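Enquirer: Generate a structure from the sequence data that follows.
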Amino acid sequence: MKTTVKKVHIPRDRRIIVTSDVHGHCKHLERLLEQVNFSGKDVLFIIGDIIEKGPESLKTLRYVIELCKEYSVYPLMGNVDAWRLVMFDDDSAGNCDRLLKYIVHMKKHWGACFFTDMCDELNISINASADVMEAKQRICESFKAEFEFLRSLPTIIETQNFIFVHGGLPAAEVDSLIGTDAFSCLKNDAFMDKDLSFPKYIIVGHWPVTLYNGKIASSNPIINRRQKIISIDGGCGLKRDGQLNAFIIPDIDSTDFAFASYDEFPVEIALTSQEASANSINIRYTDNKIKILKKGEEFSYVQHCTTGYCLPILNSYIFGVNENAACDDYTDYRLPVNAGDKLSIINKTSKGYLVKKEGISGWYYGKLKTDMK
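Expert: Have a look, this model is predicted:
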């Protein structure tokens, strides 16, 4: 797949809304746009990974297609979107085996995938590799519009003051990337850590923002004004505490940025205050090996292998045993909370509450009251 660049001129006095990594969470996207009062006066960028790793890939894609018909909407290609096209276009026997394994994996971990969404609509059952080829032929005939839309997505969109791309840019000069391997832009891991800087703001998704902070788990967009890089992936659907972010630019010439976010966690009200912890860790999947020091019924006391930091972790977050033990993204950060604060409840335990306050995850050990609104 080759890099394509689209040039777009954004008129002044139009608000720009940017989201990314919807990952088949149609309801999240719908609610987020309602929350920011999205209208025909706005310009919306969806910077990749529209499908997969969520419950409604096909529905989400169709929703985006309809948005494009009615509003000023500019979707871009993501690495997951591109991989699905590459996998679908390969008709070799070996790829049919890989696709079947992929379907089994996705249904186990996410409950569905783009391919099975289409199969379900056509009442097709996939039980063996031989079923895959026949299913692909029927899907090609029935979902031409959806595939044409996906194939049309640009890798990069450049405007007067902002450049939008899913993963990042390997070079500052956008036109020099035309025709190169698109995956260098689509899967540009940890883009903000590469100490690159640009003449225009680069807005990216792909790499969940919580992965950049080893102390505190924040799902909020990160703005680096020196590098002119803005990273906005809130980990929607992928992280247990994830959210879908909308990054808001009031005007094409403005850098007075804001953001909003949506998740589906229940909200309760803190009745007592607590101070933030002096020290904490944010274990991320990029460095999640642990040593179990003491196994408990609800929590286990563990040591993070890289840092030597010790903490209790919910057993439901731990997988693997002995030297292969690891955990999902996890933090022991105690949030600063004032009485009356609204807290999103991620997990209730016998020792306290794993919550999120204003996009930051951590622990609350006080009392709660259900928010009736």
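Enquirer: CA atoms for contacts and neighbours, from now on please.
Expert: OK.
Enquirer: And the strands in the stretch 1-150 of the chain?
Expert: Along the stretch 1-150 of the chain, counting by DSSP state E, counting those that start in this stretch, strands occupy 5-7, 16-19, 43-47, 72-76.
Enquirer: how near is residue 77 to residue 347?
Expert: 34 Å (Cα to Cα, to the nearest Å).
Enquirer: Between those two, which is the more surrounded one?
Expert: Neighbours per residue (other Cα atoms under 10 Å) separate residue 77 from residue 347, with residue 77 holding more: 27 against 15.
Enquirer: Got the phi and psi for the more buried one?
Expert: Backbone torsions of residue 77, given as degrees, to the nearest 10, read phi -80, psi 140.
Enquirer: residue contacts, it?
Expert: 47, 48, 49, 150, 153, 154, 155, 166, 186 (Cα atoms under 8 Å, 6 or more residues apart in numbering).
Enquirer: what about the closest residue to it other than its chain neighbours, distance to residue 164?
Expert: Nearest non-adjacent residue to residue 77, counting by Cα to Cα, 6 or more residues apart in numbering: residue 48, 4.7 Å away. Remark: distance between residue 48 and residue 164 (Cα to Cα) = 10 Å.
Enquirer: Then residue 255?
Expert: Here the criterion is Cα to Cα. By it, residue 255 lies 15 Å from residue 164.
Enquirer: can you map out the strands along the stretch 251-373 of the chain?
Expert: Going by DSSP E, counting those that start in this stretch, the stretch 251-373 of the chain shows strands at 258-262, 267-270, 282-283, 290-294, 299-304, 310-314, 318-319, 326-327, 330-331, 342-348, 353-357, 360-364, 368-370.
Enquirer: helices or strands next to the fifth one in the packing?
Expert: Packed against strand 299-304 by the contact rule (3 or more Cα pairs under 8 Å, 6 or more residues apart in numbering; DSSP states H and E) you find strand 290-294, strand 310-314.
Enquirer: With just CA atoms, put the last one into PDB.
Expert: So the one you mean is strand 310-314. Extracted in PDB, the C-alpha atoms of strand 310-314 (Å, rounded to 0.1, in the frame of the first residue of the first chain):
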ATOM      1  CA  CYS A 310       6.200  -3.400  44.000                       C
ATOM      2  CA  LEU A 311       2.400  -3.000  44.200                       C
ATOM      3  CA  PRO A 312      -0.800  -4.900  44.600                       C
ATOM      4  CA  ILE A 313      -2.600  -5.800  41.400                       C
ATOM      5  CA  LEU A 314      -6.100  -7.100  40.800                       C
END
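Enquirer: what angle do it and strand 299-304 make?
Expert: Using axes from the mean of the first three to the mean of the last three Cα atoms, to 10 degrees, the inter-axis angle of strand 310-314 relative to strand 299-304 is 140 degrees.
Enquirer: in its sheet, what does strand 310-314 sit against?
Expert: Sheet neighbours of strand 310-314, with direction, are listed as strand 299-304 (antiparallel) (DSSP bridges).
Enquirer: Can you pull out the residues in contact with the partner strand?
Expert: Contacting residues not belonging to strand 299-304 are listed as 283, 288-295, 309-315 [Cα under 8 Å, 6+ apart].
Enquirer: relative to strand 290-294, how tilted is that strand?
Expert: Calculated by the same axes, to 10 degrees, strand 299-304 forms an angle of 140 degrees with strand 290-294.
Enquirer: Name the nearest residue to residue 366, ignoring sequence neighbours.
Expert: Counting by Cα to Cα, 6+ apart, the nearest residue to residue 366 once its immediate chain neighbours are dropped is residue 272, at 5.5 Å.
Enquirer: so the one you found touches residue 341, yeah?
Expert: No. Using Cα atoms under 8 Å as the test, residue 272 is too far from residue 341 to be in contact (9.1 Å).
Enquirer: Do you know the pLDDT at the residue most central in space within the chain?
Expert: What sits nearest the mean C-alpha location of the chain, by Cα atoms, centre = their mean, is residue 235, with 3.5 Å. At residue 235, the model reports a pLDDT of 97.
Enquirer: Could you do residue 371 as well?
Expert: On pLDDT, residue 371 comes in at 61.
Enquirer: Out of the helices and strands packed on strand 299-304, the one nearest residue 212 is which?
Expert: Between residue 212 and these, the tightest spacing by Cα to Cα is seen for strand 290-294, at 19.4 Å.
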